[in-house]
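Enquirer: no sequence on hand, only this structure:
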Ligand code: HEM
Ligand SMILES: [Cu+2]
């Protein structure tokens, strides 16, 4: 990021119009404050992370040994489905929106989000959507059991009754995401402080601008595909039924047209976070700021034309296979640019390894492993072997757990002192980091091996030869899962006690948010700061 | 703009109530539809109904607050710009919603129907229904028992053509209304708005006539295979948008009677006009790709 010099005439709340937070429950229900809403998003996301994590541990407990021991196969399927849905839509996405709420106004010098009431609305839809989704666990026939990708006809002809609740849950969740994204775009385009030109914006802001565009473009497509499901299930249409001239493969095309950009929605803000953290702890400017921006933009555009790499084995004409194979590989180029720039930023920097930096470094290394396995999967003929095996599970968990989730944890540790006014407890942070780092790798690395050897995903039982690696993965999962309790402890402790943090917090930190006192005042900037 | 203070809207109870409304609507709709298909009674319709009640309460209350605050001059120019951008992005999201259904139409026409008929790279699927031949409009579905195809489809050169003329004219009349507003010609404004509403209502009436004819005379239903599915999905979803748009224009007319909107500040009016043009453009796409081709 370009260095930002600022004039700060008023950072304190002198304006009588700007009083502090309201009292009691009403503060949270009616709030229009970006910090309150950001906190609610983050807390909601943490709850979902725990619920989704519990489901993951149920899955791993069942898979600890071959054979069926703990749960019914149908319940196992419900767990894999709900785990995926909750983690994607309930944990990762809301966490990034929460971070956006907290940080974007502070980073662009705005008093709040552009549309504060809509902001409150976007958040409060989520608890209702997930209440509906979770309530399906207690319905006759059980929760959705067709996988988070809900392929037709599993999710239409053969679906449990709760599928309709799932469909409407997705509808309102989508409305929440679209409103959240509109708000973020309007904030970034419209609320920047004078002098904050587009190419002076911090990368977290840039990546969110592009992510929000992706969200507005593809969430409606998700709504469209579930609407077609609804029609097929209840109103006699045949979108996904060949007997009427439709096609189940059509489902997959529409779903993945949403689904692939969706995975980038879960990683682009992470790129932004890492691009903020590494320069701070390397005490150097980010290497190749402009190329970072262009890389993110080209990743986002390319992500619209690669969707069928999820469908190589479903039966596509040869030109389709070849086109989607090469288009997918093309994405590795801008991704490579980003990794190169992060490494180049650290080169000859004066590095220190505080907790946020440890998570950021682990991100760079482990996300790259996930990128490489992605490249392997992108080779269509090879994917015929890998598809629907644990190799795919290993791939996307490497990009999502030590990728997206680690970046969220890095961001939390990085900005927490700004939010609470308390310095981090580094020892506890490092304990959390090392337990997580070890746990993640023990869990997901062996999955590459069993996947290459042919173990299918989404099955509660497996052949004997996969037993060792699976028990290993299960042990890792429990280490990772329980080490998150350390994270929760750290956050709660930091809110309650801790050394008083300075405004700058981290020695090398640059940017508008670090010019504000810690904790940041309830209303960020009552008059626009001047950015030179 | 530097030096001016920012304006942040006050706390409000409407967003949370709106979330409650959406929650009730989603849960109620799911319960109603599920029990309908399973042919049993449920409290779904009551939940759905209460959702609508809360929703209407919110719509009235929220807009009332909004209008009051605007009248008090609380809204800054910056907020106005945010509203504009928000509306444009919302319309873009609607475009993508329609794109999903148009995409489905293109896919079945260029790929899946010909494949089932034995054509091209995936023509082996013809073994599923031997002797099935691909045509468009698809009147003979692969499985005529499960999805009895239509006898005929709607002729584009009758009602649909009239409807196209109606909607395009209505786009023009709302633009006239906008100009009248900017020139302070209140009577012309009200007249053009009323004309737009009449055109829209006639359009909706003709759509209803067409649906009636499709169901009773042509055997073209939701159940008549992929032609009926895409036809009703696209036109129905569009018709729903026309209804929404008409309601919004109606509200604008009522507000005009109340003396709302100045030549400089009339964002609500403009937003509705944009929305209306969008609904029109989608119709032109429908007319070409659903009816004619
Ligand atoms: C270099 C970049 C990447 C490439 C080349 C790539 C490629 C692929 C391919 C070809 C598949 C399909 C495998 C199969 O089902 O046989 C896949 C699956 C997947 N990828 Fe990636 N990927 C990349 C990055 C990412 C990122 C950044 C994320 C998310 C943050 C991600 C998330 C996923 C998910 C969730 C799936 C599995 C979906 C499912 O079937 O449940 N990928 N990837
Ligand atoms: Cu993908």
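Expert: Yes, it's here. Source: prediction; values computed, not measured. Ligands and ions are numbered 1, 2, ... in the order given.
Enquirer: isn't residue A:129 up against residue B:30?
Expert: No. Assessed by Cβ atoms under 8 Å, residue A:129 is found out of contact with residue B:30, at 11.7 Å. (C-beta placed from N, C-alpha, C; glycine too.)
Enquirer: so what's in contact with the two at the same time?
Expert: Counting by Cβ atoms under 8 Å, 6 or more residues apart in numbering or on different chains, the residues touching both residue A:129 and residue B:30 are residue A:169.
Enquirer: how many residues are close by residue B:53?
Expert: Using other Cβ atoms under 10 Å in any protein chain shown, residue B:53 is surrounded by 12 other residues.
Enquirer: likewise for the one 4 residues further on?
Expert: Burial of residue B:57 is recorded as 14 neighbouring residues (other Cβ under 10 Å).
Enquirer: contacts only, for it.
Expert: By Cβ under 8 Å, 6+ apart, the contact set of residue B:57 is residue B:17.
Enquirer: tell me the spacing between it and ligand 1.
Expert: For residue B:57, the distance to ligand 1 equals 41 Å [Cβ to the nearest ligand atom, to the nearest Å].
Enquirer: do residue A:450 as well
Expert: Applying Cβ to the nearest ligand atom, the value for residue A:450 to ligand 1 is 15 Å.
Enquirer: repeat for residue B:235
Expert: The gap separating residue B:235 from ligand 1 is 34 Å, by Cβ to the nearest ligand atom.
Enquirer: same check on residue A:242?
Expert: Distance, residue A:242 to ligand 1, using Cβ to the nearest ligand atom: 22 Å.
Enquirer: how about that residue: what's its closest non-neighbour residue?
Expert: residue B:116 (6.0 Å; Cβ to Cβ, 6 or more residues apart in numbering or on different chains).
Enquirer: how many neighbours does the one you found have?
Expert: Count around residue B:116 with other Cβ under 10 Å applied: 28.
Enquirer: for residue B:245, same thing?
Expert: Residue B:245, neighbours per other Cβ under 10 Å, totals 23.
Enquirer: where's residue 276, which helix or strand?
Expert: Picking chain A for this. Assessed by DSSP states H and E, residue A:276 sits inside helix A:268-282.
Enquirer: chain B, not that one
Expert: Using DSSP H and E, residue B:276 maps to helix B:267-286.
Enquirer: same question, residue A:342
Expert: Using DSSP H and E, residue A:342 falls in helix A:318-346.
Enquirer: again with residue B:41
Expert: Using DSSP H and E, residue B:41 sits in no helix or strand.
Enquirer: surely it meets residue B:35?
Expert: Yes. Judged on Cβ under 8 Å, residue B:41 makes contact with residue B:35 at a distance of 6.6 Å.
Enquirer: and these two? which has more neighbours close in?
Expert: Higher neighbour count among residue B:41 and residue B:35: residue B:35, with 17 against 8, using other Cβ under 10 Å.
Enquirer: how close does the more buried one get to residue B:42?
Expert: Using Cβ to Cβ, to the nearest Å, residue B:35 is found at 4 Å from residue B:42.
Enquirer: after the helix holding residue A:342 comes which helix or strand?
Expert: Taking DSSP H and E, what comes next after helix A:318-346 is helix A:355-378.
Enquirer: so is that following helix next to ligand 1?
Expert: Yes. Using Cβ under 6 Å from any ligand atom, a contact is recorded between helix A:355-378 and ligand 1, made by A:371, A:374-375, A:377-378.
Enquirer: and those, which is closest to chain B?
Expert: Nearest to chain B out of these is residue A:378 (Cβ to the nearest Cβ; 21.1 Å).
Enquirer: and chain A, which residues reach ligand 1?
Expert: Counting by Cβ under 6 Å from any ligand atom, chain A sits next to ligand 1 at A:149, A:263, A:266-267, A:309-310, A:328, A:331-332, A:335, A:371, A:374-375, A:377-378, A:383, A:386-387, A:392, A:395-396, A:399-400, A:403-404.
Enquirer: 5 Å - rerun?
Expert: By Cβ under 5 Å from any ligand atom, the part of chain A that sits against ligand 1 consists of A:263, A:266-267, A:309-310, A:328, A:332, A:335, A:371, A:374-375, A:377-378, A:383, A:387, A:392, A:396, A:399.
Enquirer: only the buried subset of those, as a ChimeraX command please.
Expert: Here is the ChimeraX selection string for the buried members of the residues of chain A next to ligand 1, based on 16 or more other Cβ atoms under 10 Å in any protein chain shown:
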select /A:263,266,267,309,310,328,332,335,371,374,375,377,378,383,387,392,396,399
